[in-house]
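Asks: can you look at this prediction? I've put the sequence above it.
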Amino acid sequence: MTVTIVDVGTGNVGSVAAMMKRAGGSVELTSDPAVVERASKLLLPGVGSFDAAAAKLHAAKGLVEALNRQVLGRGVPVLGICLGMQLLAKDSEEGELQGLGWIAGRVTKLETDADAGGPRIPQMGWNTLSVQRSSPLLAGLADDARFYFAHSYRIECADPGDALATTTYGCEFTSVVQRENVYGTQFHPEKSHRHGMKVLSNFLEL
């Protein structure tokens, strides 16, 4: 199974591609709408700020339109990772540009009270999931599976049913989303060792 990784210079695509290969898939990196149009699975990585990533995504001529046709029109499975998951939302308080809008809601800053002894932002390190409903993306994971997070913002779903799992870091936030064929993880599966590989392997089998 080939996974088409959308590469517009907003993520460490090398490590994502390497882990996807270890999980049993083959990969192609592209920002070419024509390549996206023939994809059978799509992956949207991302690190950094929302506006910078959204600007690059929309600057690639025809790319967002091709993604919409594949994901919304043809039901191709897509996985957003970290900032890539946040780009699935409509917008972000981190900036002014629009996201893809495939998940209803917006991106807001994590709320913690470091002055009162709460954890400091950003969250950088290992944490667990509280699975809200079953999904093939999270099948076979142990209850104590830990994943690597590195973020200051989180997605707030307008429809609570889109929250596949939550995580607590000062506050409870959505850490995995799913709406039909649209999936996203706030954590980095490519940095999460065997549990992250299991998530990517599950994505390959969708």
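Replies: Received, thanks.
Asks: neighbours of Ala89, how many?
Replies: 28 (other Cβ atoms under 10 Å). For every residue, glycine as well, the C-beta is placed using N, CA and C.
Asks: over to the one 5 residues further on?
Replies: Using other Cβ under 10 Å as the criterion, Glu94 is surrounded by 19 other residues.
Asks: apart from its neighbours in sequence, what residue is nearest it?
Replies: Nearest residue to Glu94 in three dimensions, chain neighbours excluded: Phe50, at 4.4 Å (Cβ to Cβ, 6 or more residues apart in numbering).
Asks: tell me how many other residues crowd Pro189.
Replies: Pro189: 25 neighbours (other Cβ under 10 Å).
Asks: just the one 10 residues further on next, same as before
Replies: For Val199, the count of nearby residues is 27 (other Cβ under 10 Å).
Asks: ok, Val3 next?
Replies: Neighbour number of Val3 under other Cβ under 10 Å is 25.
Asks: tell me the bridge partners for it.
Replies: Partner residues in beta bridges with Val3, using DSSP bridges, are Val27.
Asks: just to revisit the earlier point, any idea how far Phe187 is from the residue nearest to Glu94?
Replies: According to Cβ to Cβ, to the nearest Å, Phe50 and Phe187 sit 17 Å apart.
Asks: who are the contact partners of the residue nearest to Glu94?
Replies: Residues in contact with Phe50 (Cβ atoms under 8 Å, 6 or more residues apart in numbering) are 83, 86-87, 92, 94-95, 97, 99, 107, 153.
Asks: what two of the residues you listed are the furthest from one another?
Replies: The distance between the two most remote of the contacts of Phe50 (Cβ to Cβ) is 14.0 Å, for Leu97 and Tyr153.
Asks: the more surrounded of those two?
Replies: Legend: neighbour count by other Cβ under 10 Å for Leu97 and Tyr153, higher for Tyr153 (23 against 17).
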